[in-house]
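Peer 1: Fold the following.
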Amino acid sequence: MREKITSSQNKRVKQWRALTTKKGRKQTETYLLEGWHLVQEAIKAKQALTAIMGTAEQLTAHAAVFPPDVATFELTDSIAKTIGDANTPQGIFATAPLAETTSVDPQDAQGGWLFLDQVQDPGNIGTMVRTADAAGLTGVVFGLGSASRYLPKVLRSMQGSQFHIQLVEDDLHEWIQTFTARHLPVYGTNLDPQAKDYRDVSPLTAGAIVMGNEGNGMAPDLQQLTTRNLYIPIKGQAESLNVAVAAGIVMFQLFG
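Peer 2: Purely as a prediction, here's the structure:
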């Protein structure tokens, strides 16, 4: 049964609006999925949802695929426009529990992984997660200092790939040291005297790539822990590559 909400001062509406903030997400232990593509991908992946909200038009259009046990709320057009932060809101949303986070022991991690060291730009993060998904990696570890995977712009940029691979928030020092102790290669992406051309590295079935902060690169202490650092030769006069572009090149070379 669908509950209709017509007041912008409704308690639920206020809580949903607050999910664009860290404080709001923490208070309700949920996060917001905005737009039909993300909601649909979550449903396909059997992601636990706590509510589906939308305008009458949107709910009617997609009701056939809604999980039967998830509460549904009909919103007026004006209220729907105040939830989320997309420039062109579609009028449909869902909430999912923060508790549905992936806990992975690096001792047991299999396959290819991408490690993000203090990466801040939501678009870059989303592009890298999508590329990791496309290249067949197992998962992505958000190191300390990286933007939250629950930020609305990060969620939209991931385009549903967050439901296809494992996403973990953890200390990269532990992950890198555990991987190398298991004799799994971990390649950094900073240029140093010992750095190797990425094209000279054999493809991997398991291991990791570390991508550093957009402006400062990898943290120096992490650079000391990697198996080797790689570089991408630049033939033109550009000073550097966008971090997401560089990550895509290396991921497909090593794991694709």
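Peer 1: Only C-alpha atoms from now on, for both contacts and neighbour counts.
Peer 2: Will do.
Peer 1: how deep is residue 106 tucked in, by neighbour count?
Peer 2: 16 (other C-alpha atoms under 10 Å).
Peer 1: Correct me if wrong: it contacts residue 177.
Peer 2: No: under the criterion of C-alpha atoms under 8 Å, residue 106 is not in contact with residue 177, lying 9.3 Å apart.
Peer 1: for the closest residue to residue 65 other than its chain neighbours, helix, strand, or coil?
Peer 2: What sits nearest to residue 65 in space, not counting adjacent residues and going by C-alpha to C-alpha, 6 or more residues apart in numbering, is residue 43, at 7.8 Å. Under DSSP: H, G, I helix; E, B strand; the rest coil, residue 43 falls in the helix class.
Peer 1: From residue 173, how far out is residue 43?
Peer 2: 34 Å (C-alpha to C-alpha, to the nearest Å).
Peer 1: Look at these two and report which has more neighbours.
Peer 2: Neighbour count, other C-alpha under 10 Å: between residue 43 and residue 173, residue 43 has more, with 17 against 14.
Peer 1: wouldn't that one be in contact with residue 67 here?
Peer 2: Yes: Residue 43 is within contact range of residue 67, at 7.4 Å (criterion: C-alpha under 8 Å).
Peer 1: and the nearest residue to residue 197 once chain neighbours are set aside, how many residues sit next to it?
Peer 2: Computed as C-alpha to C-alpha, 6+ apart, the closest residue to residue 197 that is not its neighbour in sequence is residue 231, at 5.2 Å. Per other C-alpha under 10 Å, the neighbour tally for residue 231 reads 19.
Peer 1: Could you tell me the model confidence score at residue 231?
Peer 2: Here the pLDDT value assigned to residue 231 is 91.
Peer 1: For residue 161, see how far away the spatially most central residue of the chain is.
Peer 2: Residue closest to the mean C-alpha point of the chain, counted by C-alpha atoms, centre = their mean, is residue 149 at 4.8 Å. Residue 149 sits 12 Å away from residue 161, going by C-alpha to C-alpha.
Peer 1: Ok, residue 143 next?
Peer 2: Counting by C-alpha to C-alpha, the gap from residue 143 to residue 161 is 18 Å.
Peer 1: before we move on, what about residue 215?
Peer 2: Distance from residue 215 to residue 161, by C-alpha to C-alpha: 26 Å.
Peer 1: ok, which stretches of the stretch 51-200 of the chain are helices?
Peer 2: For the stretch 51-200 of the chain, the helices defined by DSSP state H, counting those that start in this stretch cover 56-62, 77-80, 122-134, 152-158, 172-181.
Peer 1: who wins for proximity to residue 88 among those helices?
Peer 2: Among these, helix 77-80 comes nearest to residue 88, with 11.3 Å by C-alpha to C-alpha.
Peer 1: thinking again about what came up before, and residue 211, which of the helices of the stretch 51-200 of the chain is closest to it?
Peer 2: helix 122-134 (9.5 Å).
Peer 1: Provide the partner residues of the spatially closest residue to residue 3 that is not a sequence neighbour in its beta bridges.
Peer 2: Computed as C-alpha to C-alpha, 6+ apart, the closest residue to residue 3 that is not its neighbour in sequence is residue 73, at 4.8 Å. Beta-bridge partners for residue 73, by DSSP bridges, are residue 3, residue 53.
Peer 1: show me the contacts for residue 51.
Peer 2: 70, 71, 72, 73, 94, 95, 96 (C-alpha atoms under 8 Å, 6 or more residues apart in numbering).
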